[in-house]
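**Student:** Sequence below, structure please.
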Amino acid sequence: MEEKYLPIGTVVLLKGGTKKVMINGFCAVTEAKKDKIFDYRGCPFPEGVLESSGVALFDHDQIQEIVHMGYKNDESINFLDKLEIIVNSKA
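**Tutor:** Numbers count the residues shown, from 1 in each chain. Modelled structure (predicted):
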């Protein structure tokens with residue numbers, strides 16, 4: 001996987017997982033782990049978020065397979081480039 005951040009709408013299979021997850025956000029944190037910033041926030045595919053417990057937080061290195069790449073245009077590419085710069089500056 002060459003890209004650090006995949007576009008919103010990308011459907012992935014996580015390592016050890018059997019259920020596909022659709023990326024719907026970036027840089028997520030939880031109350032339990034306030035010092036940990038997860039690369040992605042996702043929801044079960046194809047159901048989406050049915051309740052608040054239906055949210056998955058995961059990192060790029062946990063992705064086993066990209067099943068479907070989300071929509072990309074100049075706006076989303078520009079956003080993901082800026083996101084990577086910001087995250088790298090915090091590291």
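**Student:** Could I get the full set of strands for this structure?
**Tutor:** Secondary structure of the chain (DSSP state E): strands at 11-14, 20-28, 38-44, 56-58, 63-68.
**Student:** Need those strands in CSV (columns: mean pLDDT, distance to N88 and mean neighbour count).
**Tutor:** To be clear about C-beta, it is placed using only N, CA and C from the backbone, and glycine gets the same treatment. Shown next, in CSV, are the strands of the chain (pLDDT from 0 to 100; distance: least, Cβ to Cβ, whole Å; neighbours: other Cβ atoms under 10 Å):
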stretch, mean pLDDT, distance to N88, mean neighbour count
strand 11-14, 98, 22, 20
strand 20-28, 94, 12, 18
strand 38-44, 94, 12, 20
strand 56-58, 92, 19, 19
strand 63-68, 96, 19, 14
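**Student:** Save the ones you listed as a markdown table, and put in distance to I85 too.
**Tutor:** A markdown table is the format used below for the strands of the chain (distance: least, Cβ to Cβ, whole Å):
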| stretch | distance to I85 |
| --- | --- |
| strand 11-14 | 23 |
| strand 20-28 | 13 |
| strand 38-44 | 15 |
| strand 56-58 | 22 |
| strand 63-68 | 21 |
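**Student:** which residues touch the residue nearest the centre of the chain?
**Tutor:** Centroid-nearest residue in the chain, with Cα atoms, centre = their mean: Y40, separated by 2.7 Å. Contacts for Y40 (Cβ atoms under 8 Å, 6 or more residues apart in numbering) come out as 6, 23, 25-26, 28, 57-60.
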